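> Fold the following.
(chains A and B)
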Amino acid sequence: MQVRGVCLSYGEREVLRGVDVVVGRGESVAVMGRSGCGKSSLLSCVLGLVEPSAGEVLVNGEVVRCGVSGRAARSRREKIGMVFQSGELFDDLSPVENVLVVGLLAGQRPERARERAEELLGNLGVPQGAKSLGELSGGERQRVAVARALMNRPVLLLADEPTGALDPQTRDQMLEILFEAPERYGCALVVVTHDPAVAARADRAFWLSDGVLGALPADVGVGPAGGAVASADEQPVGGAVR
Amino acid sequence: MRPVLLGLLARIGVLLGRRSPWGGLRAFVLALGACGLVMGSVAFVLEDSYVQQRDARAQAIKARPAATTKDAEFLIDESYPLVGGRQIIVVSIWPLKADAPLPPGTERWPEPGQAVLSPALADTLGADRDMFGEVVGTIFTEGLVVPRERRVYMRPSHVAFDPGVMEKSSGFGGEGAILGVDAGFWDAADVDQVRYLLVGGLVVPALVVLGIGVGLDGEARSRRRRRLVALGAGRRHRVVVDVAEAWLPVAVGTVAGAGVTGALCAVDVHLPFVDAVLLAGDARAAWPSLVVAVLAGHVGALLMSVLARQRGGRRRGTGVFSVLQSRPMERATLCVFAAIGTIWGPGLCSSPPVRVLIYFAGVLAVAITLPAAISLLIMAAGEFLARTGARIGAVGTLLGGRRLAGFPRRTTRLAFTVCFAVLGIGQIQLWGGGIFASQHRDAMKARSAVGDSVMISNTEVHHDAKRQSFLRGLPKGTETFSHYFLPEDGSVVLSGTCEALSSLSLPCPRTPEKARIPQPAPTPALNYLSRMFRSSDLRVVDEKYLKKTRLAGEKSQILLFSPEGKDLPVNALQRSGCEFYVGCLNLRPLGEGYLVAGAPKKNQGDWIVFLGLVGVLQVLLAAGCAMAGDVIATARETVSLAVVTGRRRWLWANALCRTALPLSLAGVLGSASYLILPSGMLHGERSVSPSLSLAVIAALCSVLAGLLVAAWGALATARATRTWRPGT
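Numbering: from 1, shown residues only, chains lettered A, B, ... in the order given. Next comes the predicted model:
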């Protein structure tokens, strides 16, 4: 994923002011920042839901088009997977069905979609026999969410506060799975989070403030043990930070 | 309560109503219910006003008998022949003085051979509108008991004029008026029946709609309520919040209801389905009561919304409906047995009261066990859809089906409400409008067998030159008999020409001889004769000799028939009769009595169907909105998936499964139950006659309402995909 000089304004307010970042396959990046700093807006730009006022986003070498239907939607469907804060799973469906719906919507044949869903859930350690999500723990539900995001073999995996609703132990299990995904499935991972522990797992972590991506402030508490902390002086491998 | 606190609580209530994600839907349903209740309340006043004004017009139209010949201003005669299968009122009038009072609603006296028609009769007659003479005017509304009355004021021709058969009258405006044949159900003498119908068709459905509206967004509202309680709010504080929350939508509904009332006061409204006109003048006459009725409806709607809200805090699963829905398999099995018993039970008994009792017990048992059956049906349909969706890769069907299969309680409750509404309205129709249905049905059967090939004229005519002239002018292919009762033994003497008698294979004796009609009768005319004179001996005679043997000037009735069994040219015959006889011929087909008696019952049934459908539609819309609201309330997951995958069409399938399917299922099930359950009561004494049109329209409306709310839910969800962003 390449984000090149993306700017975004809502009226007079500049939310993003020339954001540049590159994330390669197998790599993970965390974006932190205060509430309202523009993290979700950046995600929206990457998903093609909001048209940047300047700059562009490329996924797999192709410019992300803005729109909710047509080519933009197809491109999003085929290249991007997303893990939501609260999972956004369907309580009425079984875990397998929750995953396979994404494949079906992408036009996969039902049998193949089911096979793929079962395989993913097996890989992620979700109990296969569960008839409904109610039988799963919070962590298992989040794994289902990750499996769903990976269903269409995306090249870019986005996660919006994926551990926001989890206890520390479940959060750690979830992070294990999430940050394994880039290497295991060959995709890039971008995680938007408030949680320093999540950012610490990423290969690189950025702080979004005043519409600009920069290094994490010292008081955020993310040490180098969990991942490389990008800064304005440091040009990480495969990515650029302004 | 301090005014400051009152104002604050009211503001909280208003804001809660506005900010709820269900706000719009809830407001719509509450407004719909309030409008229905206001209209129900207004309908009571209107009905009373219409009846009073109708009776006043009936009194004004009635001719006053003249006490003495000197008092007589005009001569009058009323007859009620059938035209186009409907009874009409033919008023023959003849002024005796130059300044004789005009018939009400007319501008001048018609000349001999001229007539003044009511608009409805002019519509009925169409091209034959000059049947009663040259039309020289229209009877205005003030001259009609009801606007759609079929009435004609005709002045007989000089040939037809016969003062001997007319009564002397001193003017119009008499006491004890009898309602006309077109007075209709709305104007029926038994006004209580209309009131029951207004309760069943308008008031109860409106209360149900308000109940549904109050229940929308129940969980979130309960949370808010608990928050208020935690803050120290007591019952009366909560009432203030509830009233403030419901007031605006209820006020909107009241204004809508008042608007309809205003329209009814401003313009005459024609209701084609029941062939009635609601006169604006009649409505305006009761305007003070109408204002009170609108306010009463408003207050009633507010009270209902608050009372239902106050009751809404009970624990889940303890309500009557939850109990009825429990143990679905056993109860559903009972429902099937109850239905079978209702269908077959009455047929096993000969006693009419027992049959009715069995029927009602069966319907009650079905109604009690129906929620469980609907629960099972919806769950089964959901499971089937989910499996099918998963098999063929239809995400919307899979999701919608699973939702139905997994959460049927609320959907089932709404579906049952619809089903019960259709079934309930159906029972009102069955027992309110169909009591004489069997007689009417038999008359219609006989009528369809004989058609218009045989007619009898109740007008008694003399054997004189006028009669001969009339018979000479009959259209070709029309034969006649005269018949009268022999005073000696009460037998019926049928006289006709030898040609006429032999055309029916009857003998042609010179003196009255007994004749036997073979059974089954080989021709429609003989069929008619055998039905008409089944309790009397029949004698036939050649009329050529009768004239010589019986008294000249003998009065008799004329029977006209087609030997070939073809339909007679009734209008042409009637026109011809008008030329010779006061009140024309008064032609009647076989079974005319039942047809005439059945007409108001049919009208009554039409009104029940009409008002019942209004009620059912209200409930359908409210239940549909609640279901669509469920779709919108659970849109969070569907919207995010639709955005990320860029697919939105499946949202339609999802909404269809969750709204159109249960709603249609409920409507069709209710309609089918209404049609099938009375199968054992279709024949015999106290038989009933379900209205196919009610069932079909209710089922179609449920399907249409289902599609409508599904579209609403799907569009609302699809619209949400345009504004959805990560983190929202």
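> ok, B:Ala10 touching B:Ala246?
No - using C-beta atoms under 8 Å, B:Ala10 makes no contact with B:Ala246, being 11.6 Å away. Heads up, the C-betas are built off the backbone N, CA and C, glycines and all.
> Neighbour count for these two, which is higher?
B:Ala246 (27 against 16; other C-beta atoms under 10 Å in any protein chain shown).
> For stretch B:234-246, list every residue counted as buried.
B:His237, B:Arg238, B:Val239, B:Val240, B:Val241, B:Asp242, B:Val243, B:Ala244, B:Glu245, B:Ala246 (16 or more other C-beta atoms under 10 Å in any protein chain shown).
> For the second one, give me phi and psi.
For B:Arg238, the backbone dihedrals (degrees, to the nearest 10) come out as phi -70, psi -30.
> any idea of the pLDDT on the closest residue to it other than its chain neighbours?
Distance criterion C-beta to C-beta, 6 or more residues apart in numbering or on different chains; nearest residue to B:Arg238, sequence neighbours excluded, is B:Leu228 at 6.1 Å. In this prediction, B:Leu228 carries a pLDDT score of 73.
> can you give me the helices in chain A?
A:39-47, A:70-79, A:95-105, A:110-123, A:138-150, A:168-185, A:196-201 (DSSP state H).
> Please work out which of those helices is packed deepest.
Mean neighbour count (mean count of other C-beta atoms under 10 Å in any protein chain shown) peaks for helix A:95-105 among those, with a mean of 27.
> Tell me which residues are up against that helix.
If you take C-beta atoms under 8 Å, 6 or more residues apart in numbering or on different chains as the criterion, helix A:95-105 is touched by A:77, A:89-90, A:93, A:110, A:112-114, A:116-118, A:120-121, A:126-128, A:130, A:133, A:136, A:140, A:144, A:147-149, A:151-152, B:390, B:393-395, B:398-399, B:402, B:641, B:644-645, B:647, B:650.
> Please, which helix or strand holds the closest residue in space to B:Arg510 that isn't next to it in sequence?
Taking C-beta to C-beta, 6+ apart, and ignoring the residues beside it in sequence, B:Arg510 has B:Tyr545 as its nearest neighbour in space, at 4.3 Å. Using DSSP states H and E, B:Tyr545 sits within helix B:543-549.
> Report the next helix or strand after that helix in sequence order.
Immediately after helix B:543-549, counting by DSSP H and E, sits strand B:555-561.
> Pull out the buried residues from that following strand.
B:Ser556, B:Gln557, B:Ile558, B:Leu559, B:Leu560, B:Phe561.
> between those, which is nearest A:Met174?
Nearest to A:Met174 among the buried residues of strand B:555-561 is B:Phe561, at 94.4 Å by C-beta to C-beta.
> Surely that closest one is in contact with B:Phe481?
Yes - at 7.4 Å, B:Phe561 counts as touching B:Phe481 under the criterion of C-beta under 8 Å.
> hmm, back to that, pLDDT value on the residue nearest to B:Arg510, please?
The predicted local confidence for B:Tyr545 is 73.
> Now do it against B:Thr480, distance only.
Between B:Tyr545 and B:Thr480 the computed distance is 17 Å (C-beta to C-beta, to the nearest Å).
> out of the two, which sits in the more crowded spot?
B:Thr480 (19 against 15).
> how about the one helix or strand B:Leu471 maps to: buried residues?
With secondary structure defined by DSSP H and E, B:Leu471 is part of helix B:465-472. By 16+ other C-beta under 10 Å, the buried positions in helix B:465-472 come out as B:Lys466, B:Arg467, B:Phe470, B:Leu471.
> Would you agree the last one is in contact with B:Glu479?
When you say that, I think you mean B:Leu471. No - using C-beta under 8 Å, B:Leu471 makes no contact with B:Glu479, being 9.8 Å away.
> In chain B, which residue sits nearest chain A?
Per C-beta to the nearest C-beta, the residue of chain B with the smallest distance to chain A is B:Gly646, at 2.2 Å.
> Report how many residues lie close to that residue.
Using other C-beta under 10 Å, B:Gly646 has 23 neighbouring residues.
> Chain neighbours aside, what residue packs nearest to it?
With C-beta to C-beta, 6+ apart as the criterion, B:Gly646 has its nearest non-adjacent residue at 2.2 Å, and that residue is A:Ala73.
> In contact with the one you found, which residues are there?
By C-beta under 8 Å, 6+ apart, the neighbours of A:Ala73 are A:Gly67, B:Thr645, B:Gly646, B:Arg647.
> List the contacts of the second one.
With contact taken as C-beta under 8 Å, 6+ apart, B:Thr645 is in contact with A:Ala73, A:Arg76, A:Arg77, A:Val102, A:Leu105, A:Ala106.
> So for the nearest residue to the last one once chain neighbours are set aside, what pLDDT did the model give?
Setting aside the residues directly before and after it, A:Ala106 is nearest to A:Asn152 in space (C-beta to C-beta, 6+ apart), at 4.8 Å. Looking at A:Asn152, its pLDDT reads 88.
> now B:Arg19
What the model reports as pLDDT for B:Arg19 is 67.
> cool, A:Cys37 as well?
Looking at A:Cys37, the pLDDT reads 86.
> Run a quick neighbour tally on it.
So A:Cys37, with other C-beta under 10 Å, has 19 neighbours.
> how much space between it and chain B?
11 Å (C-beta to the nearest C-beta, to the nearest Å).
> what's across from the closest residue to that residue other than its chain neighbours in the sheet?
Nearest residue to A:Cys37, sequence neighbours excluded (C-beta to C-beta, 6+ apart): A:Leu208, at 5.0 Å. On the basis of DSSP bridges, A:Leu208 is bridged to A:Gly33, A:Leu213.
> Now do stretch A:54-66: distance from first to last residue.
13 Å (C-alpha to C-alpha, to the nearest Å).
> Next: stretch B:489-497.
By C-alpha to C-alpha, the extent of stretch B:489-497 from end to end equals 24 Å.
> measure the residue nearest the centre of chain A to B:Gly615 for me?
Of all residues in chain A, the one closest to the mean position by C-alpha atoms, centre = their mean is A:Leu158, 1.4 Å from it. Applying C-beta to C-beta, the value for A:Leu158 to B:Gly615 is 52 Å.
> And B:Met455, by the same measure?
B:Met455 is 42 Å from B:Gly615, by C-beta to C-beta.
> do B:Ala710 as well
Distance from B:Ala710 to B:Gly615, by C-beta to C-beta: 22 Å.
> sorry, back to before: the residue of chain B closest to chain A and A:Arg76 touch, don't they?
Yes - assessed by C-beta under 8 Å, B:Gly646 is found in contact with A:Arg76 at 5.4 Å.
> can you give me how far stretch B:292-305 is from the chain middle?
27 Å (C-alpha atoms, centre = their mean, to the nearest Å).
> ok, now stretch A:7-17?
22 Å.
> Show me which positions of it end up buried.
Those would be A:Cys7, A:Leu8, A:Glu14, A:Val15, A:Leu16, A:Arg17, for stretch A:7-17 by 16+ other C-beta under 10 Å.
> Contacts (any at all) between chain B and that stretch?
No - applying C-beta under 8 Å from any C-beta of the partner chain, one finds stretch A:7-17 separated from chain B by no less than 11.5 Å.
> Relative to B:Ala220, which of the buried residues of stretch B:234-246 is nearest.
Nearest to B:Ala220 among those, with distances taken as C-beta to C-beta, is B:Glu245, at 12.3 Å.
> Let me know the secondary structure of that closest one.
Following DSSP: H, G, I helix; E, B strand; the rest coil, we place B:Glu245 in the helix state.
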